[in-house]
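S.K.: pasted the sequence and its predicted model underneath.
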Amino acid sequence: MASVRVAVRVRDGLKDKGKTFSFDFSYDSTDRASPTFASQERIFHDLGSDVLKAAFEGFNACVFAYGQTGSGKSYTMMGHTEDKGLIPRICEGLFWEISHRSKSDAVSYLEIYNERVRDLLNKTNHSHRGVRQNLSKHSIHNHSDMEDLIILGNASRTTASTGMNDFSSRSHAILTISFTQAWFDAELPRETLSKIHLVDLAGSERADATRTTGTRLKEGANINKSLVTLGSVISTLVSVFFLCDLPADLSVGGPSTKKKQQQIFIPYRDSVLTWLLKDSLGGNSMTTMIATVSPADVNYGETLSTLRYASRAKNIVNSPTVNEDGSVKVIRELQAEVARLRRLLEEANQVLHILKPIKDSAIYMLTVFYSKVIL
Ligand SMILES: Nc1ncnc2c1ncn2[C@@H]1O[C@H](COP(=O)(O)OP(=O)(O)OP(=O)(O)O)[C@@H](O)[C@H]1O
């Protein structure tokens, strides 16, 4: 079991309004000259390197950035050419490690725009409501292939200028790296498949703050709808785990608590985003949420709501397991069984070896007894 890790990254000066939250990490990225300034490198060191570690151990991993529009989600996830964010750094790390191991990789990159999935790596693919239908998968052989795909995908992403951000992401973007490793462990074959989801969410926003109308307003409504669903999924998951955690004597429903947990409906299907992130929230994944805040006074309400959102997400417990290829696992288990039977046979032979002289002398004694006493 692993809790969702939550890191908070602050863009501007934070005014103390007397609320306290606790998170796994907190970063101050307000002033480059400050000794406490958290650089992109530091964020990768703390959060990105664990994603790589999990993936190489055969787990699924997910990082998603959540926060008000303009607070630094895209900067944290993608960054700029000269100031790279988590995605390019994780990809670099992946290829650095991969050069020492056997593997194969595939990448897909999609955006969810107005509740429709659009393939960012295949412009001929029209957007659709179905999840992952027709999504192109691209084999990559080196880091430069990966960089080209990211540049291609980013160029297709829907951004627009809003009152809060000149290049506001108007969609949620999910880059998925599927990653297979095959090797021999004590002469037995092993194969694991890990998936890394790197997610840059569109900004949570108020229409009046972003001064949106028309298309922007419709986008904003869809963004907010999916973020509200994400919030409901998080709250519901937390209540399920809260019931799990209750000691038997405190559990509200006594023996029926388990039944209640099973009856709780988690609204994953209410938005494309939550459906795609199903495994990352309450499922088989090591997940990190990065909450970005830009707490100028004017943003106090949004900052507080982001921190509350993040604080709830911290209570989600996932159950990550190593994703081993089923058929390779069966082969490995059969090989282990054959080795066990061989060992048993050897032991039986050794016992026979010890018993043989006893058997021979028993036959000899019986023969002597028969010839001398009976005859
Ligand atoms: N920690 C930071 N250090 C330096 N610049 C930053 C930082 N965070 C954000 N910025 C800058 O602020 C601007 C807005 O950031 P960004 O586009 O990442 O916001 P966002 O949260 O992704 O917004 P939206 O939800 O509208 O897409 C960008 O020009 C970005 O480079």
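M.R.: Thanks, I have the structure now. Numbers count the residues shown, from 1 in each chain.
S.K.: where does the prediction get shaky in the stretch 51-200 of the chain?
M.R.: 99-104, 123-133, 160-167 (pLDDT under 70).
S.K.: what does it put close to the ligand?
M.R.: 67, 69-75, 165, 167-169 (CB under 6 Å from any ligand atom). For every residue, glycine as well, the C-beta is placed using N, CA and C.
S.K.: among these, which lie within helices?
M.R.: Among these, DSSP state H puts 73-75 in helices.
S.K.: export those to JSON lines and append columns for distance to Arg312.
M.R.: Output for those, formatted as JSON lines (distance: CB to CB, whole Å):
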{"residue": "Lys73", "distance to Arg312": "18"}
{"residue": "Ser74", "distance to Arg312": "23"}
{"residue": "Tyr75", "distance to Arg312": "24"}
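S.K.: so which of those is the most crowded?
M.R.: Lys73 (28 neighbours; other CB atoms under 10 Å).
S.K.: ok, now which ones touch it?
M.R.: 65-67, 169, 200-201, 203, 290, 292 (CB atoms under 8 Å, 6 or more residues apart in numbering).
S.K.: same thing but 7 Å
M.R.: 65, 67, 200-201, 203, 292 (CB atoms under 7 Å, 6 or more residues apart in numbering).
S.K.: which single one of the ones in helices among the residues of the stretch 51-200 of the chain next to the ligand is nearest to Trp275?
M.R.: Nearest to Trp275 out of these is Lys73 (CB to CB; 20.6 Å).
S.K.: apart from its neighbours in sequence, what residue is nearest that closest one?
M.R.: With CB to CB, 6 or more residues apart in numbering as the criterion, Lys73 has its nearest non-adjacent residue at 3.9 Å, and that residue is Ala65.
S.K.: go on, Thr176?
M.R.: Ser108 (4.9 Å).
S.K.: for the one you found, give its distance to the ligand.
M.R.: Per CB to the nearest ligand atom, to the nearest Å, Ser108 is found 21 Å from the ligand.
S.K.: mind listing the strands for the stretch 1-150 of the chain?
M.R.: Assignment of strands within the stretch 1-150 of the chain using DSSP state E, counting those that start in this stretch yields the ranges 2-3, 5-10, 25-28, 61-67, 79-80, 83-84, 103-113, 116-119, 138-139.
S.K.: just give me the neighbour total for the residue of the stretch 151-300 of the chain found nearest the ligand.
M.R.: At 2.5 Å from the ligand, Gly203 is the closest residue in the stretch 151-300 of the chain, using CB to the nearest ligand atom. Look at Gly203: counted by other CB under 10 Å, it has 29 neighbours.
S.K.: wait, it touches Thr69, no?
M.R.: Yes. Counting by CB atoms under 7 Å, Gly203 touches Thr69, with 2.8 Å between them.
S.K.: who touches both of those two?
M.R.: The contact sets of Gly203 and Thr69 overlap at Ser168 (CB under 7 Å, 6+ apart).
S.K.: what ranges does the stretch 201-350 of the chain have for its helices?
M.R.: 207-210, 214-245, 257-263, 272-276, 300-313, 326-369 (DSSP state H, counting those that start in this stretch).
S.K.: so of those helices, which one's packed in deepest?
M.R.: Of all the helices of the stretch 201-350 of the chain, helix 272-276 carries the top mean neighbour count, a mean of 22, counting by mean count of other CB atoms under 10 Å.
S.K.: about what we covered before: for the residue nearest to Thr176, give me its contacts.
M.R.: So Ser108 contacts 121, 135-137, 176 (CB under 7 Å, 6+ apart).
S.K.: of those residues, just the buried ones, PyMOL syntax please.
M.R.: Those of the contacts of Ser108 that count as buried under 16 or more other CB atoms under 10 Å are selected in PyMOL with:
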select buried, resi 121+135+176
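S.K.: for the contacts of Ser108, which one is nearest Lys19?
M.R.: Using CB to CB, the contacts of Ser108 come closest to Lys19 at Thr176, 35.4 Å.
S.K.: doesn't that closest one fall inside a strand?
M.R.: Yes. Using DSSP: H, G, I helix; E, B strand; the rest coil, the secondary structure at Thr176 is a strand.
S.K.: so which residue of the stretch 1-150 of the chain comes closest to the ligand?
M.R.: Counting by CB to the nearest ligand atom, the stretch 1-150 of the chain gets nearest to the ligand through Gly72 (2.8 Å).
S.K.: look up how far Asn349 lies from that residue.
M.R.: From Gly72 across to Asn349, the span is 69 Å (CB to CB, to the nearest Å).
S.K.: so what's Thr287 scoring on pLDDT?
M.R.: Thr287 is assigned 90 on the pLDDT scale.
S.K.: contacting residues around the residue nearest to Lys73?
M.R.: Here Ala65 is in contact with 73, 76-77, 199-201, 290, 292 (CB under 7 Å, 6+ apart).
S.K.: bridging residues for it?
M.R.: Asp200, Ile290 (DSSP bridges).
S.K.: hmm, Thr274 is touching Val228, no?
M.R.: No. In this structure Thr274 lies outside contact range of Val228 using CB under 7 Å: 10.2 Å.
S.K.: quick revisit: nearest to Leu281, out of the strands of the stretch 1-150 of the chain?
M.R.: The nearest among those, by CB to CB, is strand 61-67 at 8.3 Å.
S.K.: what comes up buried for that closest one?
M.R.: Per 16+ other CB under 10 Å, strand 61-67 contains these buried residues: 61-67.
S.K.: run the angle between it and strand 5-10 for me.
M.R.: Using axes from the mean of the first three to the mean of the last three CA atoms, to 10 degrees, the inter-axis angle of strand 61-67 relative to strand 5-10 is 30 degrees.
S.K.: done for today, thanks.
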